[in-house]
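# Task: produce atomic coordinates for the following.
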Amino acid sequence: MAEFTTGEAVSLELPIARIPTRATAFLVDVLVQLMLGFVALIIVALTLEALDPGDAWEAAILLLTVVAILVGYPVACETLSRGRSLGKLAVGLRVVRTDGGPIDFRHALTRGLAGAIVDFWIFGGFGAIAVITSICSPNARRVGDVLAGTVVVHAQQPLPRPALALPPPWLAGWVGQLDLTGIPEDLALAIRQYLTRLRTLTPAAQSGLGQQLVSAVCTRLQVTAPANYPPVQILGAIIAERQRRALTPAGPSLVRTG
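Okay, the predicted model is just below:
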């Protein structure tokens, strides 16, 4: 399992796909590519024989066909299915961004080009580079994953629902008037970690760290913290309101789900 933090400072734990399952998915995809390539080359050969465009054009068209199979197949599959080629679908894998979100065409294209050039084929030693980089990476990321900002996870089971902060209702009016866009992602993550690990901290650490975070947030927002409320309530109200605005900007307040 690996922990991913979304842009709303929500923590998700997802099971990382390692080399054995990724290799199985890769072999399935290679078989599919071989079949597609065989059919495509027959069609191209028959077409070229009928048109007879010349040696240079024949070489260019054959090269484009090979590139379309090697790069176009994974890019099209992962773009249309949001991270799942036929091989990944067969073994229950999915490509996601490093923040746990779905990928788009840009991520798929980067992975596809890196796979053809670096990880597997041209300079990849038939997958040797991908295996070496995956072994060296804590989250089993090959070069294409690093360049695209992605990671491959097991997706046979539904993704875990994130634990959302529960806002204190008596601070809803105060926090609802704040412009929370001034809170940077690293500070939001620190608040989230403080709230989720509160029970493991000593009373002194709860108070000291909480006061530091409240001071940092209020300095960023240029507001004064409400008096006579403990840091956990102030921080909980801020992070819960931030999540509410990001996840359900037009809906009602979030309800704790985990």
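
# Where does pLDDT dip in this protein?
Filtered on pLDDT under 70, the chain yields the residue ranges 1-13, 156-167, 247-258.

# Please tell me how far Pro169 sits from Gly176.
11 Å (C-beta to C-beta, to the nearest Å). Quick note: C-beta positions are derived from backbone N, CA and C, even for glycine.

# Of the two, which one has the most company?
Comparing Pro169 with Gly176 by other C-beta atoms under 10 Å, the one with more neighbours is Gly176, at 13 against 9.

# gap between the residue positioned nearest the centre of the chain and Ile103?
By C-alpha atoms, centre = their mean, the mean C-alpha position of the chain lies nearest to Arg97, the distance being 1.6 Å. Counting by C-beta to C-beta, the separation of Arg97 from Ile103 is 6 Å.

# Could you verify my assumption that Ala140 touches Thr21?
No. The criterion here is C-beta atoms under 8 Å, and Ala140 misses it with Thr21 at 9.7 Å.

# Which of the two has more residues huddled nearby?
Ala140 (21 against 18).

# for that one, helix, strand, or coil?
coil (DSSP: H, G, I helix; E, B strand; the rest coil).

# Once you drop chain neighbours, what's closest to it?
Ser134 (4.6 Å; C-beta to C-beta, 6 or more residues apart in numbering).

# Give the helix, strand or coil label for the one you found.
helix.

# tell me the helices in the stretch 1-150 of the chain, going along the chain?
19-51, 55-67, 73-80, 86-91, 105-114, 128-136, 143-148 (DSSP state H, counting those that start in this stretch).

# most neighbours per residue, which of the ones you listed?
helix 143-148 (a mean of 22; mean count of other C-beta atoms under 10 Å).

# how close does the closest residue to Gly127 other than its chain neighbours sit to Ala60?
Using C-beta to C-beta, 6+ apart and skipping residues adjacent in sequence, the residue nearest Gly127 is Phe120, 5.1 Å away. Phe120 sits 23 Å away from Ala60, going by C-beta to C-beta.

# Test of understanding: give the bridge partners of the residue nearest to the centre of the chain.
Thr150 (DSSP bridges).

# Test my guess that it contacts Ala108.
No. The pair Arg97 / Ala108 is not scored as a contact, 11.4 Å apart, by C-beta under 8 Å.

# Now do the buried residues in stretch 117-125.
117-121, 124 (16 or more other C-beta atoms under 10 Å).

# Common neighbours of Arg97 and Ile103, please.
Common contacts of Arg97 and Ile103 (C-beta atoms under 8 Å, 6 or more residues apart in numbering): Thr150.

# sorry, back to before: any chance of the helices of the stretch 1-150 of the chain in a markdown table, plus distance to His154?
As requested, these are exported to a markdown table (distance: least, C-beta to C-beta, whole Å):
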| stretch | distance to His154 |
| --- | --- |
| helix 19-51 | 7 |
| helix 55-67 | 30 |
| helix 73-80 | 16 |
| helix 86-91 | 9 |
| helix 105-114 | 18 |
| helix 128-136 | 15 |
| helix 143-148 | 15 |
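
# what sits against the nearest residue to Ser85 once chain neighbours are set aside?
In space, and not counting its chain neighbours, Ser85 is closest to Cys77: 4.2 Å by C-beta to C-beta, 6+ apart. Cys77 makes contact with 84-86, according to C-beta under 8 Å, 6+ apart.

# would you list these in a markdown table and tack on distance to Ser215?
Below are the contacts of Cys77 laid out as a markdown table (distance: C-beta to C-beta, whole Å):
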| residue | distance to Ser215 |
| --- | --- |
| Arg84 | 45 |
| Ser85 | 49 |
| Leu86 | 53 |
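
# Which member of the residues you listed is positioned nearest Thr47?
Leu86 (26.1 Å; C-beta to C-beta).
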